[in-house]
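J.: Mind looking at a prediction? Sequence and model below.
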Amino acid sequence: MLAVMVLCYVPTASAKESMATPSGILYTELKEHVDEYASKYIGTTTAGANVLIVKDGEIFLNTAYGYADVENQVNITADTVFEWGSVTKLLVWTSVMQLAEQGKLKLDEDIRTYLPEGFLTKIRYDAPITMLNLMHHNAGWEEKFTDLFYMSANDIKPLEEMLHITEPYQVHKPGSVVAYSNYGVALAGFIVEQLAEQPFYDYVNEHIFSVLGMKDTTLHPTQEDNTNVATKRDEIYGYIINNGGEFTISKNERIYIGLYPAGSAIGTITDAAKFMLALMPADGAKSPLFQNNRTLDEMLTTSDFYDDGISRNAHGFWKGLYTVDVLEHAGNTDSFSSNFSFSKDENMGVIVFTNQGGEAGISYGLPTLIFGEYSKVEGKQTMPNAQELEGNYYMARLPYKGFTKLYSALSIGRFKATDSISIDAFGMKLEQIAPYLYKSLDNYRIYFHVTLNDGNVEMISMPTSDILPVTQKMKILNLFSIVAVAFSGLYTLIILLILFIKKIINRKKAVRAAVAEKWEIRLLFANTIPFINIIVLAYRTLNYASYTTLKIHFWVNYGYIAFVAISLVAIFTGWKKTTTTRSQKIRYAFSCISALLLVILIIGWELYY
């Protein structure tokens, strides 16, 4: 019997040693490859990282690189906690599927069935909004730039109140356009609250974290329900790289998320692995997250497709393009990045946590290193000419209403062909790898799918957002805005300079300015107010000031509009009462026009709310 056991064991062991990842790396050499890959980024573009790989129901590799505290040389370890960012959304979709399994909600039911009467007040279309729309990020909502992040835990309010404060306008018909929505995910979390009759963080603690033994992870927006994690969070800093190439602590590295179900989880990578493993139970084993694995299988089955037929989304889990089927979700906070990717077919998953804002090299590169580069090219294919895509485009995930919609105009990008299969777009270089399928050549490795309508580009889609052609109306508005701002700004500065020089020349003369000229000078000085006000408003918005504290800037714009009205009446009244030269009349007219143009821009770009 011993002889038989030895003979059977040897070939089995040899076969295991020869097993390789989908990309072809032998498992016996995987740690060496991961270490080598990570070394390209740690200490140069990334302060630190945790990398964990699971395989066949176990943790295969758990390694740490770099520093949690660069200045004090505090190493990252397996016990270091990281902010999950948007990977947190997977906890929402898991919770939703648990309730669906229990018959408490239906994925294709209008979500207003589960919300208090009149909860959503900015709906434009009569079509139902389903939970699947929330999962696919195509409920039609615009993006919001205020009240997602806060600098103080004291600013966090209950989820229901946060949803009222941050409710966006619905700008697309449900199901027509994908535009990543933190609001939609947080709303799904609130629906879980309503049906479970407990705060969403309590629900997750009870039905996910406790079930999986995730003691070192919290979803609470201020971490007050897990003091251990809160303490550990104070031991790691988030970093950015300054102009000198040095790591500096991000000034906003400690933030709190108002719509917390969309991105507030903080914990160790070992805990995150427990969640990933529960999504890939061994054959014959039941996932502890569900009563029946059929629910898990449904959750991880494609529920949304690109127009070219390629899988896009599986009930909130994004479908990645690799050599094998992979589900994934990335996350970013102000100064932390993460990526969570796994293949059920391979019983394998990769988790990357870094304390670097917008990190891409490790977060997106390692899954490709392990799962393999996607290639759809099968035999000889004729590639359409990339020039078909040339034009101006904008991300669907943008503000459409209120003062932040000005950002939309500043975010327009041009697709320009560099050769027959290559495009420059939004600061990225794209290469066509299959007909109407492009891949970015940067670390993010984003795939772009082209949708045509009667031979014209209807949209270009990447996982989290569709990209839409700029309309003629938008082109006219943007051109008018550029001309108006340039004219008003330059004219105001030039005339004020001329009047200042004139005053210096005539300083010894008793020259008395006419009433119209006095009001003109006041008006020109007032013209500088909108420019300064908008710059300060933009700065404060980007630094996470709450919407309530920004209202002072809207009142400044109201005040400017009122002053312009008064000034115009005073100038024209004074104009008629005094003798004016032709050149003075022209100057008065242009001064008034410069102010009116700014008023039109304030109203047109909704810089008053």
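T.: That came through, no problem.
J.: ok, now how distant is Phe415 from Ser422?
T.: Using Cβ to Cβ, to the nearest Å, Phe415 is found at 11 Å from Ser422. Bear in mind the C-beta positions are built from the backbone N, C-alpha and C, glycine included.
J.: I misspoke; the intended subject was Phe525.
T.: 50 Å.
J.: Which one of the two is surrounded by more residues?
T.: Relative neighbour count places Ser422 above the other of Phe525 and Ser422, with 15 against 11, counting by other Cβ atoms under 10 Å.
J.: what bridges to the more buried one?
T.: Asp419, Glu431 (DSSP bridges).
J.: Tell me, what's the model's pLDDT at it?
T.: pLDDT for Ser422: 96.
J.: Identify the residues contacting it.
T.: Ala386, Lys429, Leu430, Glu431, Gln432 (Cβ atoms under 8 Å, 6 or more residues apart in numbering).
J.: Quick check: pLDDT value at the residue nearest to Trp141 when sequence neighbours are not counted.
T.: Spatially, and ignoring its direct neighbours in sequence, Trp141 is nearest to Pro168 (4.4 Å; Cβ to Cβ, 6 or more residues apart in numbering). Here, the pLDDT recorded for Pro168 equals 97.
J.: and if you look at the one 10 residues further on?
T.: pLDDT, Val178: 98.
J.: ok, it to Leu26 distance?
T.: To Leu26, Val178 is 38 Å away according to Cβ to Cβ.
J.: Of those two, which one has the most company?
T.: Taking neighbours as other Cβ under 10 Å, Val178 and Leu26 compare with Val178 leading, 25 against 13.
J.: mind checking the SS state of the closest residue to Glu235 other than its chain neighbours?
T.: Spatial nearest neighbour of Glu235, excluding adjacent residues (Cβ to Cβ, 6+ apart): Ala68 at 6.2 Å. At Ala68 the chain is in strand, as set by DSSP: H, G, I helix; E, B strand; the rest coil.
J.: Go ahead and confirm Ala68 touches Thr80.
T.: Yes. The criterion here is Cβ atoms under 8 Å, and Ala68 meets it with Thr80 at 5.3 Å.
J.: list residues touching both of the two?
T.: With Cβ under 8 Å, 6+ apart, Ala68 and Thr80 have common neighbours Gly48, Glu235, Ile236.
J.: distance of the closest residue to the last one other than its chain neighbours from Leu441?
T.: What that stands for is Ile236. Leaving aside its sequence neighbours, Ile236 sits nearest to Ala68 (Cβ to Cβ, 6+ apart; 3.9 Å). Look at Ala68 and Leu441: by Cβ to Cβ, they are 32 Å apart.
J.: what do you get for Ile532?
T.: Applying Cβ to Cβ to Ile532 and Leu441 gives a distance of 41 Å.
J.: who's more crowded, those two?
T.: Set Ile532 next to Leu441 and count neighbours by other Cβ under 10 Å: Leu441 wins out with 13 against 10.
J.: what residues are up against that one?
T.: Contacts of Leu441 (Cβ under 8 Å, 6+ apart): Met428, Lys429, Leu430, Glu431.
J.: Could you double-check that the first one sits in contact with Tyr438?
T.: No. Applying Cβ under 8 Å, one finds Met428 not in contact with Tyr438, separated by 9.6 Å.
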